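Student: the sequence and its predicted three-dimensional model are supplied below.
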Amino acid sequence: MVKVLMSTLSALVSFYTLIIVVRILLTWFSGPLGYGKVYFFLTRITDPYLNYFRQFSFFRIGRFDFSPVAALIALSVIGNIFHSIALFGRITLGSLVAFTFEAVWSAVSFFLFLYLLMIVLRLLGILFHTNSTRPLWMTLDMLVSPILIRITHLFTRKPVSYIHGLLLGFVFLLTLRILGGLMVERLTTLLYRLPI
């Protein structure tokens with residue numbers, strides 16, 4: 001009985017997560033698709049949950065609001081707890097911490113991939129001598145430059161060319177993504193084995 005209940009709750013959490021993702025994606029579009037009846041229906045279902053995370057100011061960095069990411073991480077952990085209880089009939093402290101690490105790393109890994117993709121696009125733009133005053137390139141520069149400045153300051157205080165900064169940023173972020181993934185994988189494997 002408990003396993004069936006936990007499986008059902010896990011499925012409901014997965015479905016609710018999907019609804020939140022769709023709602024977030026719809027905010028990126030304007031017009032009838034972005035603000036039609038479906039959007040307003042989804043906001044009524046999802047906003048009470050999302051608003052809980054929006055109240056914490058540390059999820060906002062500049063113009064960016066990472067509260068939906070935190071909300072999705074929390075749902076991922078809760079869904080994994082239900083799933084684990086459904087499969088094994090119990091949950092350990094080690095698996096709870098492992099779920100949390102995996103969910104946080106998943107979000108971090110996504111952003112690392114996104115920045116890597118933006119850097120590659122910017123490098124291709126430079127390689128093919130595209131007009132750097134176009135809105136796409138200016139937006140990419142605005143998003144990538146603050147990260148590149150921080151990364152280059154880790155290695156040198158001297159100014160570097162934009163291309164060298166892009167290359168250094170790409171190598172650093174790719175290394176971070178690979179090594180971070182390996183570390184999280186090993187750590188979570190150890191945590192899952194904990195008997196408590």
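Tutor: Thanks, I have it. Numbers count the residues shown, from 1 in each chain.
Student: going forward, measure contacts between C-alpha atoms and count neighbours the same way
Tutor: OK.
Student: longest single helix anywhere in the chain?
Tutor: helix 93-127 (DSSP state H).
Student: how about the contacts made by Phe53?
Tutor: For Phe53, the contacting residues are Phe59, Ser67, Pro68, Ala70, Ala71, taking CA atoms under 8 Å, 6 or more residues apart in numbering as the criterion.
Student: tell me the two of these that are most distant?
Tutor: Phe59 and Ala71 (10.4 Å; CA to CA).
Student: now for Leu112: which residues touch it?
Tutor: Going by CA under 8 Å, 6+ apart, Leu112 touches Leu173, Leu174, Arg177.
Student: can you spell out which helices and strands pack onto the helix or strand harbouring Ile19?
Tutor: Element membership for Ile19, per DSSP states H and E: helix 2-26. Counting contacts by 3 or more CA pairs under 8 Å, 6 or more residues apart in numbering; DSSP states H and E, the secondary-structure elements packed against helix 2-26 are helix 32-35, helix 37-54, helix 67-88.
Student: any idea of the mean pLDDT for the following helix or strand past the longest helix of the chain?
Tutor: Going down the chain from helix 93-127, the next helix or strand is helix 135-155, by DSSP H and E. Mean pLDDT, helix 135-155: 87.
Student: wait, what's in contact with the closest residue to Ile19 other than its chain neighbours?
Tutor: Of all residues not flanking Ile19 in the chain, Leu42 sits nearest, at 7.2 Å (CA to CA, 6 or more residues apart in numbering). Taking CA under 8 Å, 6+ apart, we find Leu42 in contact with Ile19, Ile20, Arg23.
Student: redo these as TSV? Include distance to Trp105, neighbour count and pLDDT.
Tutor: Rendered in TSV, the data for the contacts of Leu42 read as follows (distance: CA to CA, whole Å; neighbours: other CA atoms under 10 Å; pLDDT from 0 to 100):
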residue	distance to Trp105	neighbour count	pLDDT
Ile19	22	16	94
Ile20	19	22	93
Arg23	23	21	87
